[in-house]
Each structure stands twice: as structure tokens, then as C-alpha cells.
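Visitor: fold the following for me, if possible:
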Amino acid sequence: GLPDISLPCSVGIIYQQATRLDPSKISVQTIDPTKAHSVDLEELSGDMNVEPLGGDVAFPDLPPHLASRLRYNPIQEELTFFGLYVDQDLGEDYFLPNVFSDSEAQIMKDLEGADQAFRDAIDELQMIAADDLVFSETETELDRLALSAGVATGDGYVVLAMQNSETVCDPALPISLEIIRVTCPLAEGQIAVIPASCVFDEKLTLKHTNDLAGQTDDYVFEWATQPAVGGLIPDRPTGQGGDGWVSYPGGTGEGVTFITIEGPGLFTLSDNWFSMRYRPASASDVVCATNDTWSRWTQPQLAEGWVKRVLAGINPFDQRFEDLSDPTRTINTQVNMISQAGPRWEGSVALNCDSVDDFGLIEIYETVYQRAVDLSIGAPIPVDYPPANDALLLVSSKLADLYGLLGNEAFADASDPTISFGISSDETFLQAVTSVHAFENMTSSLTEEELALLRGRDDRLAPPVTTPPVYNRLVWNFSRDLGEVA
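Guide: Prediction:
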């Protein structure tokens, strides 16, 4: 039942019980977590891996939650970091705020090819963003307002005045008061799954959604994981061991609000469950920092493996990329399943988003399958790992469905060699066995044509059955013979 404070023209904190009892304490503060901050940067090092995005330049080597917020404008010669409001279809909406921790700053500074000027710009951005996060009621420029209890040094009731500003609000708008209470225990929050912009990217970030007023380095985090087996949601960790959960490597420490799964391996291929908890650091004066109290473990969140993410992103029903700002990318208008299935697999294809529309589903799925095999049961030291086996079964079943679709289409066509003709304006059709058929110069009758379409052909006619992409199928009729008109 918390009020939405992002859309009113103004929100003012007119009373805090904690401050009334002790002027040195607060319970909440208003922040502007999506405002963009920019610093001057004359140019990027030519050794950095970048990609154009509209009029800006993005950094695809960053973890997804950072890659979506850091941009460089080569015309204005500015490096910009901004926050995002994420409106989820399922679960609570959350912010990716316009501030970043020391560990996130180090990740950006460690980008391959980054020079000293870029690293200095990151340090400057971090300082500017941290100093400008808190929103003052005297300010008039606002991107999106949020209320945070991440730095609460006292608990109690808080009174908010909505749309009470005489500067930015229309006097005719209604003014209302909202009363909320800030108290312990710590809000557990949830884990957000943030995929990379390219569906083939192996990177996947999981991030805690609580904003903590941008002071994430003042909190200690602990992440736990377990393989996804059986299809049911596991119980939350107990923190005592023996419950199936294990600590995620590198997932414990101050400011560890996120983890990133990346690189080839069984863990990347397979589905895994994650949960996390946090507490104020020992030196923190946050109100809930007593008795070394942890938050409750979050509800377990499934992190889908690389194979499943590719199959979800490359399918017969959705466009294969979301960003159309690149002029080289056009809408794929294929709706025919036969066309989308494409030719058979003859070798691994490029798994990158620049060529994603150049191949059919069979070629892409088979390439994904072969890569997954090479990393699991087909590795130099084969590994029988049930979650990875599940991923192999999933992609192989998709391939079986596609080949079955092609076979069913051929069977249905051969089962009825007649052709439908419209004989009236009321969409009445007549089935007829015509004397002219599409492959008349290759087959002697319509029945022979349908059987050849179903079971293939031999080497009596050119080209040989070893010629791709038709092989033993009938070749399209562009021979300028009688059948071409059909």
C-alpha cells in the first residue's frame, strides 16, 4: 500500500518522526535516480570495443546492467551515465539508479583498451552522480522522483505532501497527505534478471532491486545458488548448510548488489536458482544495523541458461532484435514457417546479432546444440550434468519439431495432389487435377510430382542430389518450360 511518488508534480517530506525525536536522524529522503550525468571526454581509445547505438556509442563488454546505462557521444564529446526505471510485466518495478559502486566503477575502468582519460572520466562521473542523487524540494528540474529509506538512521512515521509545490504544480491540482511507516526488519527486495542486448551474448546479470539510496557499499551481501532440477521452486536458503544451496563464488562482500554469469561452461549453459540476503556493514549507523541482523533471503529467482535464452529470443513469432535504431537492421517480414525453418544445417553459423537474419531456425538451433554438446557431453572430458542435459534435450526437441513440420507439410501436400480454383466471388473453390503442374518439365504427372516432393528424387536429372541447398528435392522451376506458368 505505498503511494506512487514518481508521477505527482511534487512530493514533499513534511514530517519525520525520527527527526522530530532526534534532529540528527532521518527515515527517508527523496532521490532522482534516473537523471543523466555527463562529463567531458575528448575521445575514446581506438582499442576499446564499442558499438553504435543511435547517435551514441555503447560498451557491449560491460555487464548488462551497466552496458544499458553508460554512453559516449562522439559529437558532444561527453561520457554519460544515467538511471533507468524498469517496468516489469511480473514482479515489482525497480530502478537501475544513476549511481554506481566502487566495484562497478572498477569494472568500467578495466574495460579492454580503456585509457587513463576514460578512467578519470569514470571517477568524475561516480563523484558527480553520488553528490547529486538526493533531490531537494527547492529544485525544479526533475526526471523521476523516488523515495528511499536506504540511509534511514531512525525509524518511525513519515508524512508526505503530494503536489503541494507552488513552483512546479498547477494550483488547481488537489493536494493530499500520505502517511507511511519506516521500521525494521530490512526489506528483502527481489532479484532482477537483466539479459544482454544481444540474444547470443552469454552474459547474464542478476541484481538486487533495492536502491539503498545509492549507498550500496555500506551494506554486506551474500548470494547463494543451486541447480534447477525437477522444475519446482526450491525453499529459501536457511544459511545453515545442508539445504541444497551453496555460496556463489565472489558473491559475498560489501557492495555486491549484482553477479554476472558469463563465459563458456556448464553453469552458463544450464538453469540455476539464486537467492540473496544483505545487512548493513558493521560500521553503519543504519537503524536496522543492530545485532548483525540479516534481511530475509529473497524469493528464489531462476536464471535461465544460455541455451534456453537463445531459444526464447530466436523463435518463429518474435523479431530477432529489439533495437531498430541501427539503419542496417530491418523488420523481418517472413511469416511462413517453412521459410523460417530454412535449409538444413551444413556447418556452424555465426552466433552474433549482426547476422541473425541471415540464417534459418534450423541452422541457428543446430549450431547452439553443437556448442552445448562441445561444452558438456562432447567435451574432451565428457560431463554428465543433468541441468546441461536438460538444455540439450530442449534444443534437440525444437529441432525435431522443425523437421517434423517440414515432413508433415510434404506429407499433406502429397496426400492431396489436386489444386484449388476459385470459381465464384463467394469464395467457392473447386478441387481439380490439372494437366499443367509446377514441375511439368521434371515429372510426367502431378502424382509423380507430389511423390517426388514427399520422398525426394534421384540423380537422373541435374543437378546431382549432393548439390546444396536442394539436395534430393525438386529444384525450383525457373527453366522457362511449361511448368513455370503453374
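Visitor: now the residue lying closest to residue 247 once chain neighbours are set aside, what's its secondary structure?
Guide: Distance criterion C-beta to C-beta, 6 or more residues apart in numbering; nearest residue to residue 247, sequence neighbours excluded, is residue 224 at 5.9 Å. Placement of C-beta: from N, CA and C, glycine included. Counting by DSSP: H, G, I helix; E, B strand; the rest coil, the backbone at residue 224 sits in strand.
Visitor: does residue 224 touch residue 249 like I think?
Guide: No - with contacts counted by C-beta atoms under 8 Å, residue 224 stays clear of residue 249, the gap being 11.2 Å.
Visitor: from residue 66, how far out is residue 108?
Guide: Note on residue 108: its distance to residue 66, by C-beta to C-beta, to the nearest Å, is 7 Å.
Visitor: pLDDT below threshold where in the chain?
Guide: Low-confidence regions of the chain, defined by pLDDT under 70, span residues 137-140, 283, 290-292, 319-334, 477-486.
Visitor: sec struct for residue 357, please.
Guide: Under three-state DSSP, residue 357 falls in the helix class.
Visitor: residues near it, how many?
Guide: Each residue near residue 357 was counted by other C-beta atoms under 10 Å, and the total is 14.
Visitor: same check on residue 19?
Guide: Residues within reach of residue 19, counting by other C-beta under 10 Å, total 17.
Visitor: before we move on, what about residue 397?
Guide: Neighbour count for residue 397, taken as other C-beta under 10 Å: 11.
Visitor: the one 4 residues further on now?
Guide: Neighbour count for residue 401, taken as other C-beta under 10 Å: 12.
Visitor: and for residue 468?
Guide: Look at residue 468: counted by other C-beta under 10 Å, it has 9 neighbours.
Visitor: nearest spatial neighbour of it, skipping sequence neighbours?
Guide: With C-beta to C-beta, 6+ apart, the residue lying closest to residue 468 is residue 346, at 6.3 Å.
Visitor: residue 108 and residue 66 - which one has more neighbours?
Guide: Under the criterion of other C-beta under 10 Å, the comparison of residue 108 against residue 66 puts residue 108 first, with 25 against 21.
Visitor: wait, is the more buried one part of a strand?
Guide: No - assigned with three-state DSSP, residue 108 falls outside any strand and is helix.
Visitor: for residue 173, see how far away it is.
Guide: Using C-beta to C-beta, residue 108 is found at 41 Å from residue 173.
Visitor: then residue 47?
Guide: Noted for residue 47: a distance of 53 Å to residue 173, by C-beta to C-beta.
Visitor: ok, these two, which is more surrounded?
Guide: Taking other C-beta under 10 Å, residue 47 and residue 173 do not tie; residue 173 has more neighbours (14 against 10).
Visitor: pretty sure that one sits against residue 163.
Guide: Yes - the criterion here is C-beta under 8 Å, and residue 173 meets it with residue 163 at 4.9 Å.
Visitor: what touches both of those two?
Guide: Counting by C-beta atoms under 8 Å, 6 or more residues apart in numbering, the shared contacts of residue 173 and residue 163 are residue 9.
Visitor: and residue 60, what element?
Guide: Using DSSP states H and E, no element contains residue 60; it sits outside every helix and strand.
Visitor: what's the neighbour count on it?
Guide: For residue 60, the count of nearby residues is 16 (other C-beta under 10 Å).
Visitor: distance of it relative to residue 50?
Guide: Note on residue 60: its distance to residue 50, by C-beta to C-beta, is 8 Å.
Visitor: and what of residue 372?
Guide: Residue 372 sits at a distance of 30 Å from residue 50 (criterion: C-beta to C-beta).
Visitor: which one of the two is surrounded by more residues?
Guide: Legend: neighbour count by other C-beta under 10 Å for residue 372 and residue 50, higher for residue 372 (27 against 18).
Visitor: Three-state assignment for the more buried one, please.
Guide: Here residue 372 is helix, with the state taken from three-state DSSP.
Visitor: any idea how far the residue nearest to residue 468 is from residue 363?
Guide: According to C-beta to C-beta, residue 346 and residue 363 sit 8 Å apart.
Visitor: kindly report the same for residue 148.
Guide: Distance check for residue 148 against residue 363: by C-beta to C-beta, it reads 49 Å.
Visitor: and for residue 429?
Guide: Between residue 429 and residue 363 the computed distance is 36 Å (C-beta to C-beta).
Visitor: and for residue 133?
Guide: 48 Å.
Visitor: quick one: which of those two has more around it?
Guide: Using other C-beta under 10 Å, the more surrounded residue of residue 133 and residue 363 is residue 133, with 24 against 19.
Visitor: pretty sure that one is touching residue 98, no?
Guide: Yes - with contact defined as C-beta under 8 Å, residue 133 counts as touching residue 98 (7.2 Å).
Visitor: so what sits against both of those two?
Guide: Common neighbours of residue 133 and residue 98, counting by C-beta under 8 Å, 6+ apart, are 32-33.
Visitor: residue 224 and residue 249: which is more packed in?
Guide: With neighbours defined as other C-beta under 10 Å, residue 224 and residue 249 compare such that residue 224 has more, 24 against 10.
Visitor: next one: the more buried one from residue 464, what distance?
Guide: As judged by C-beta to C-beta, residue 224 and residue 464 stand 59 Å apart.
Visitor: near the closest residue to residue 305 other than its chain neighbours, how many other residues are there?
Guide: Among residues not flanking residue 305 along the chain, residue 270 sits closest, at 4.5 Å (C-beta to C-beta, 6+ apart). Residues lying near residue 270 (other C-beta under 10 Å) number 26.
Visitor: quick one, what contacts residue 270?
Guide: Residues in contact with residue 270, defined by C-beta under 8 Å, 6+ apart, are 227-228, 305, 385, 387-388, 390-391.
Visitor: try residue 14
Guide: 159-161, 164, 177.
Visitor: give me the buried entries from the residues you listed.
Guide: Among those, those buried by neighbour count (16 or more other C-beta atoms under 10 Å) are 160-161, 164.
Visitor: distance to residue 243 and secondary structure for those residues - can I get that in a markdown table?
Guide: Output for the buried ones among the contacts of residue 14, formatted as a markdown table (distance: C-beta to C-beta, whole Å; DSSP: H, G, I helix; E, B strand; the rest coil):
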| residue | distance to residue 243 | secondary structure |
| --- | --- | --- |
| 160 | 41 | strand |
| 161 | 47 | strand |
| 164 | 50 | coil |
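Visitor: between those, which sits nearest residue 143?
Guide: Residue 143 lies nearest to residue 160 out of the buried ones among the contacts of residue 14, by C-beta to C-beta, at 19.0 Å.
Visitor: in a strand, that's where residue 192 is, yeah?
Guide: Yes - assigned with three-state DSSP, residue 192 falls within a strand.
Visitor: how much space between the residue lying closest to residue 188 once chain neighbours are set aside and residue 100?
Guide: Excluding the flanking residues, the one nearest residue 188 by C-beta to C-beta, 6+ apart is residue 296, at 4.4 Å. Per C-beta to C-beta, residue 296 is found 26 Å from residue 100.
Visitor: now do residue 82
Guide: For residue 82, the distance to residue 100 equals 11 Å [C-beta to C-beta].
Visitor: tell me which of these two has more neighbours.
Guide: Neighbour count, other C-beta under 10 Å: between residue 82 and residue 100, residue 100 has more, with 27 against 19.
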